[in-house]
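Visitor: here is my input, please return the structure:
(2 chains)
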Amino acid sequence: MITLKINNIAHEIDVDPETPLLWAIRDHTGLTGTKFGCGAGLCGACTVHVNGEAVRSCSTTVGAVKDSNITTIEGLSKDRSHPVQQAWIEEDVPQCGYCQSGMIMATTAFLAANPAPTDKDIDDGITNICRCGTYVRIRKAIHRAAGKQTETK
Amino acid sequence: MMTKIKVNRRTFIVSSIATAGALVLGLGLTRGMLKGSDAAADSTTFNAFLKIGQDDTITIQVPCSEMGQGVFTALPMILAEELEADWTKVVAVTAPADKAYHYPDWGDQLTGGSHAVAGWYAALRHMGATAREMLVAAAAQEWGVPASTCKADRNVVSHPESGRSLRYGAIAEAAAKQPVPKSPTLKSVDKFNLIGHPVPRKDTPVKVDGSAIYGVDVRLPGMLTAAVKTSPSFGGRVVSYDAKKAMAMPGVRGVVPIPDGIAVAADSYWQARKALDAMEIIFEPGPFAHQSSEKIRAELIAGLEKEGVVARDDGKARATLAAANNVYSAVYEAPYLAHACMEPMSCTADVRTDACEIWVPTQWPRDTRQRVAGWTKLPLEKVQINVTFLGGGFGRRGEADFVEQAVLVSKALGKPVKVIWSREEDIAHDFYRPAAAIRFQAALDKKGNGLAFDCRVSAPSIMARTDGLPVGKLDSAAVEGLADQPYAFPHARVEYVRSDLGVPVGWWRSVGNSHNAFMRESFIDELAHAQGEDPYQFRRRLLAHDKRHLGVLDLAASKAGWNSPLPAGHFRGIAVAKSFETYVAEVAEISIKDGEIKTHKVTCAIDCGTVVNPGIIEAQMQSAIIDGLTAALKGEITILDGAVEQSNFHDYPMLYIADIPEIAVHIVNSTEAPTGAGEPGVPPVAPAVANAVFAATGQRIRSLPFSKHTLKGA
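Guide: Numbering: from 1, shown residues only, chains lettered A, B, ... in the order given. Next comes the predicted model:
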């Protein structure tokens, strides 16, 4: 049995420690917001936070994170009130939406490290794939969220 | 022009209530799937589309699948507008498979062909207006006043004279008992509050907090999850497999043969995946085991020498060309493309002896239901198809291969089973955008006007599989954008030569237009340059008779500043294409650096008639442009030993946020009937970029993707 601390809740899971964190989350905790896109760390749909850092959970084993604080999209807020979620709503970012959990998790970690990003910072820092091409609104929402975070400080 | 809708009380209410009852009381429908539309005693069902709760909640069943194109918002907007609903009280739900949700014009329940708004606009307005008049009539009756003295606005019927008002929720039950008006009065366009406005999407909230349910997210009590592997080479079959090792692994509950492959079902996905990977499966290669991209290309080019099926034949194109002094000729090529939906293929099936329930991200619920009935040998009414959100569709999810797998495994194991494909399986087992080769020939008259145009399309046939099209018959999808090409050529001939190459082909966003527009608009550009004429002006002359083509062409050119000076090293290209009744022109501004194309800006003009939600149109244009640009710059599926060589996003690359040009979308103001916005933004982008590359380098790119060409700096 392995205990995973996800969104401040301890989950005791009976899984092989080599199981990707992505599948432990999706199949054993009832949290399906973290998505499977490629299984090879190439698309970012599976992005979660491990001790505050953005991590592609398809390429991380449960064994490697069993003592860490894991945050999934469900843990950002109880009510979509996180500034990044709010910015995503205000810019009406999602289309199919499948990449957006990972995109939002990547963005929150990115903004924590880059509170006032330039467009070049965004180019270099956001490498999640969106097949619907919502990138134009993602960029706007990142700037908006950065503005919000500055306001609340 | 509005379609006349025939309605009688029975159609509107009685039979639909029976259907709605079946929807809500269906086998094992999970509450999560039906948020907002549970069988509550405190709501009134008007028909299969509309339910009004005592709490004023307006629940609207959406007859098309939501795959990011915005129908979950746009279709309810249309009904809500005429209903005079409070938009904040509207809850949208994707409808399951049912005859009630067949398009009035197409007689099918399907999401594709950019047809959702076009197909449903009139009927949804009619429904909303009908319900509104019944609500007003009920209130008027209660107050003992003429209905004409009452108003309906944002979920409230009021009688201004007396200051009385009633919420829809309070009056709905009485309203449903009113006579159904035969010809309800539709709102005048100038009174629209929702239609024409960038109303925020209904699905956005659940897509920012992880609660939206896609096919891969379905969870049922006792459900198993299956991983699948099918023959790497097309047409290959399983010769033998050893299930012992897999069955001994943790959580594994079954190993089941599926068409051309094996499924392993376990308590969880990763257990299934590990067991499947540990299995030894021997495949025998099929009849196309020696197929390769080289052979495919050779066969398509050889096809250009054969006589084809005639798709268009105005005047005497061949004779005119034979007699012409100057004939311009070119051969263009395009590769196979994969869909690469962000959500890999998936389906959940619960097959029981007397009934079957499916949860699937599908674009074709009607067809899926029929196929499942066939596979399970159950009557149609015992097969329930629930449609989840789709993590992208693009035409791929109109197929039912992943549904068949889930049905077979569930049937074999007697449990609900969710099948999830790996990305590798998804890329290697697609129904690809066909590869194609086209030869163009054209002649112009002494004034530089169009004289003769002749093209032969050499390509595999999608309809061979989907419609059993016999050899020698025309595949109309293969000649889209050519058989109906708009340029003024008194002599115009289009032929189609079919090749059966063993690679499965299907509908990829904009279908035949996706390769034909690249080729046609590049060739038209060649003709312009051969005359030493500006490519925008050349097109204007040859499209002078066609107001709507001209309209978008002029709008795009004007907004792109076609005649204005460019920064050093920047070049422009223009293209126009009509597809699915919608007209789109695009101008691409690029530069070349170290042999790489940098797309700085794409300016787009779209004429799709009446616009329901301009925010969604803009988003779809951005989406289509990025999709088309990705394909043009990088997209190529190659075949070796009868199998696809690509497997994931490292060798089937996508564009990232850093690669995206500035995109400006301009929507033509129109009161024409609404037409589609899902696909039409794709066809013009590859030729707009190719034409800009020519302006920059003098190199005429005649095959995609651009990445296979060495470009000189500008």
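
Visitor: so the residue in the stretch 101-250 of chain B that chain A sits nearest to, which state does it fall into?
Guide: Here the stretch 101-250 of chain B gets closest to chain A at one residue, B:Gly210, 2.0 Å apart by CB to the nearest CB. In this view, the C-beta of every residue, glycine as well, is placed from N, C-alpha and C. Under DSSP: H, G, I helix; E, B strand; the rest coil, B:Gly210 falls in the coil class.

Visitor: can you tell me the helix or strand for residue 109?
Guide: Here I'm looking at chain A. Secondary structure from DSSP states H and E places A:Ala109 in helix A:100-113.

Visitor: looking at chain B here, not the other one
Guide: Using DSSP H and E, no helix or strand contains B:Gln109.

Visitor: number of nearby residues for it?
Guide: B:Gln109 is flanked by 27 other residues according to other CB atoms under 10 Å in any protein chain shown.

Visitor: ok, it - contacts?
Guide: B:63, B:95, B:97-99, B:101-103, B:364-366 (CB atoms under 8 Å, 6 or more residues apart in numbering or on different chains).

Visitor: quick check: it vs A:Asn128, distance?
Guide: With the distance defined as CB to CB, to the nearest Å, B:Gln109 ends up 33 Å from A:Asn128.

Visitor: check B:Ile597 too.
Guide: In this structure, B:Ile597 and A:Asn128 are 23 Å apart, going by CB to CB.

Visitor: so the residue of the stretch 101-250 of chain B closest to chain A makes contact with A:Glu74?
Guide: Yes: using CB atoms under 8 Å, B:Gly210 is in contact with A:Glu74, at 4.9 Å.

Visitor: what residues are shared contacts of the two?
Guide: Common contacts of B:Gly210 and A:Glu74, defined by CB under 8 Å, 6+ apart, comprise A:31, A:33.

Visitor: where do the strands sit along the stretch 151-300 of chain B?
Guide: Counting by DSSP state E, counting those that start in this stretch, the stretch 151-300 of chain B has strands at residues B:151-153, B:156-159, B:164-167, B:224-230, B:237-242, B:252-258, B:261-266, B:280-284.

Visitor: and for chain A?
Guide: For chain A, strands defined by DSSP state E occupy the ranges A:2-6, A:9-13, A:47-50, A:53-56, A:69-71.

Visitor: point out the most buried one among those.
Guide: Of all the strands of chain A, strand A:47-50 has the most neighbours on average by mean count of other CB atoms under 10 Å in any protein chain shown, namely a mean of 24.

Visitor: what's the longest helix in the chain?
Guide: I'll assume chain A. helix A:135-152 (DSSP state H).

Visitor: chain B is the one I meant
Guide: Scanning chain B for the longest helix, with DSSP H as the assignment, gives helix B:116-143.

Visitor: list the buried residues of that one.
Guide: Of the residues in helix B:116-143, B:116-140, B:143 count as buried by neighbour count, 16 or more other CB atoms under 10 Å in any protein chain shown.

Visitor: what subset of the residues you listed is also close to chain A?
Guide: Among the buried residues of helix B:116-143, proximity to chain A is found for none (CB under 8 Å from any CB of the partner chain).

Visitor: hang on, the earlier thing: need the contacts of B:Gln109 in a markdown table with neighbour count and pLDDT, can you?
Guide: Shown next, in a markdown table, are the contacts of B:Gln109 (neighbours: other CB atoms under 10 Å in any protein chain shown; pLDDT from 0 to 100):
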| residue | neighbour count | pLDDT |
| --- | --- | --- |
| B:Pro63 | 26 | 98 |
| B:Ala95 | 24 | 98 |
| B:Ala97 | 25 | 98 |
| B:Asp98 | 22 | 97 |
| B:Lys99 | 13 | 96 |
| B:Tyr101 | 23 | 97 |
| B:His102 | 17 | 97 |
| B:Tyr103 | 19 | 97 |
| B:Trp364 | 25 | 98 |
| B:Pro365 | 27 | 98 |
| B:Arg366 | 21 | 98 |
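
Visitor: looking at these, which are in helices?
Guide: Using DSSP H, the contacts of B:Gln109 in helices are B:365-366.

Visitor: just the contacts of B:Gln109 now: which is nearest B:Asn449?
Guide: The shortest gap between B:Asn449 and any of the contacts of B:Gln109 belongs to B:Tyr103, at 40.7 Å (CB to CB).

Visitor: my guess is that closest one contacts B:Trp120. True?
Guide: Yes: counting by CB under 8 Å, B:Tyr103 touches B:Trp120, with 6.9 Å between them.

Visitor: distance check, A:Ser57 against chain B.
Guide: Between A:Ser57 and chain B the distance is 12 Å, computed by CB to the nearest CB, to the nearest Å.

Visitor: related to what we said a few turns ago, as TSV, the strands of the stretch 151-300 of chain B with distance to A:Pro94 and mean pLDDT would be great.
Guide: Output for the strands of the stretch 151-300 of chain B, formatted as TSV (distance: least, CB to CB, whole Å; pLDDT from 0 to 100):
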stretch	distance to A:Pro94	mean pLDDT
strand B:151-153	31	98
strand B:156-159	32	98
strand B:164-167	32	98
strand B:224-230	26	98
strand B:237-242	40	97
strand B:252-258	33	98
strand B:261-266	32	98
strand B:280-284	38	96
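
Visitor: pLDDT-wise, which helix or strand of chain B ranks last?
Guide: For chain B, the helix or strand with the lowest mean confidence is helix B:15-24, at a mean of 32 (criterion: mean pLDDT, DSSP states H and E).

Visitor: after that one, next one along is what?
Guide: Next element after helix B:15-24 (DSSP H and E): strand B:43-45.

Visitor: tell me, how many residues neighbour the closest residue to chain B within chain A?
Guide: Residue nearest to chain B within chain A: A:Gly33 (2.0 Å; CB to the nearest CB). Neighbourhood size, A:Gly33 [other CB under 10 Å]: 25.
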